[in-house]
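> Predicted model and sequence below, questions to follow.
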Amino acid sequence: MKNVIVTGAGAGIGRETAKLFAAKGGRVVVADIDMPAAKETVEQIVGAGGQAVAYRLDVAAEDEWEAFGEWMFAHFGAPHVLINNAGVMDLGGFVEMSAAQWQREIDINLMSVIYGSRVFAQQMIDDGIRGHIVNLSSAAAYFPSRLEPAYGVAKSAVLMASQSLRVELRGKGIGVTAICPGAIRTNLLANGERAGLTAAQQAAWRESAGGMQRYAYTSPQKVARAIERAVRWNSAIVPVAPEAWLLYGLFRLSPSLTREILARASFDRIESVIPVAGKALARLTGK
């Protein structure tokens, strides 16, 4: 039985990915900082006949990754698949966001990938496992935006780190994939922060912008299937969702044109269309 680790598996893409790998016969370690959510994922997996265990992990803490590695090896041995999925998305301009907010994005979205990949790649190497590491990047990695620069910088670094690790581990028989989703029906925006707002404004923003994310075309299940295929096919970079593929192609074709188009986006313009778009989508979807 293959051991599969999924971080941020208490909800969204992580939960659906954990469920899919368990359904494929894997023993899944559901890692999340929210232990009740992790246990709920485990209950769903076990209820469907799969095998899973919950583990509380703060992915931004290097010492917790080291302890996790020791626990994992002692209980189940080295993993065959590591999926670094945990992440947050805070919004705000490059200058507008504080240094602490920048650091939070880097710690959770980038350093967690580095910590986890170092610990478990070494375990795979030591045990001679021809395994696979999947890192969740984002379409934001090739999406230069004034709305989410910190998130984009972190995810761009994840994309490059994944490619560097892929080159390094190729001779060990260990594959590495960067998954680059576009807009997905999750609570990522609703759980994030926007710089420069009061507490009341923050709550209103989460309700409006975060609520809009539930109308995204692509589901977490689709991303989970893309991840599973990437492991089987040993894919290098996998955009997920039509807009992710469009931006990927556009940026490769003409970075300057991409920047010109995206420079027109602003919070004021987005906020002006959210109420109208929300009502229209609600009528279309019946939600």
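Here it is on my side, so go on.

> excluding its backbone neighbours, what's nearest residue 33?
residue 58 (5.1 Å; CB to CB, 6 or more residues apart in numbering). In this view, the C-beta of every residue, glycine as well, is placed from N, C-alpha and C.

> tell me the SS of the one you found?
coil (DSSP: H, G, I helix; E, B strand; the rest coil).

> Residue 45 versus that one, what's the distance?
22 Å (CB to CB, to the nearest Å).

> Which one's more surrounded, these two?
residue 45 (26 against 17; other CB atoms under 10 Å).

> Isn't that one up against residue 39?
No. Using CB atoms under 8 Å, residue 45 is not in contact with residue 39; the gap is 10.6 Å.

> contact partners of the host helix or strand of residue 161?
Per DSSP states H and E: residue 161 is located in helix 149-169. Where contact means CB atoms under 8 Å, 6 or more residues apart in numbering, the residues beyond helix 149-169 that reach it are 89-94, 97, 101-102, 105-106, 109-110, 113-114, 117, 121, 125, 133, 135-138, 140-145, 175-178, 180, 236-237.

> Show me what secondary structure element comes after it.
Moving toward the C-terminus from helix 149-169, the next element (DSSP H and E) is strand 175-181.

> Alpha carbons only: can I get that next one in CSV?
What follows is strand 175-181, C-alpha atoms only, in CSV (Å, rounded to 0.1, in the frame of the first residue of the first chain):
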residue,chain,number,x,y,z
GLY,A,175,9.0,12.9,-10.1
VAL,A,176,8.0,16.4,-9.2
THR,A,177,5.0,18.3,-10.6
ALA,A,178,3.8,21.9,-10.2
ILE,A,179,0.0,22.2,-10.4
CYS,A,180,-1.2,25.6,-11.5
PRO,A,181,-5.0,26.0,-10.9
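
> Report the inter-axis angle for it versus helix 149-169.
If you take axes from the mean of the first three to the mean of the last three CA atoms, to 10 degrees, strand 175-181 sits at 160 degrees to helix 149-169.

> same for strand 175-181, what does it pack against?
Under the contact criterion of 3 or more CB pairs under 8 Å, 6 or more residues apart in numbering; DSSP states H and E, strand 175-181 touches strand 132-136, helix 149-169, helix 220-233, strand 237-240, helix 242-253.

> same for the third one, what does it pack against?
It refers to helix 220-233. Under the contact definition 3+ CB pairs under 8 Å, 6+ apart, helix 220-233 sits against helix 12-23, strand 132-136, strand 175-181, strand 237-240.

> Take the ones you listed and write them to CSV, including mean neighbour count.
Shown next, in CSV, are those (neighbours: other CB atoms under 10 Å):
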stretch, mean neighbour count
helix 12-23, 25
strand 132-136, 26
strand 175-181, 26
strand 237-240, 21
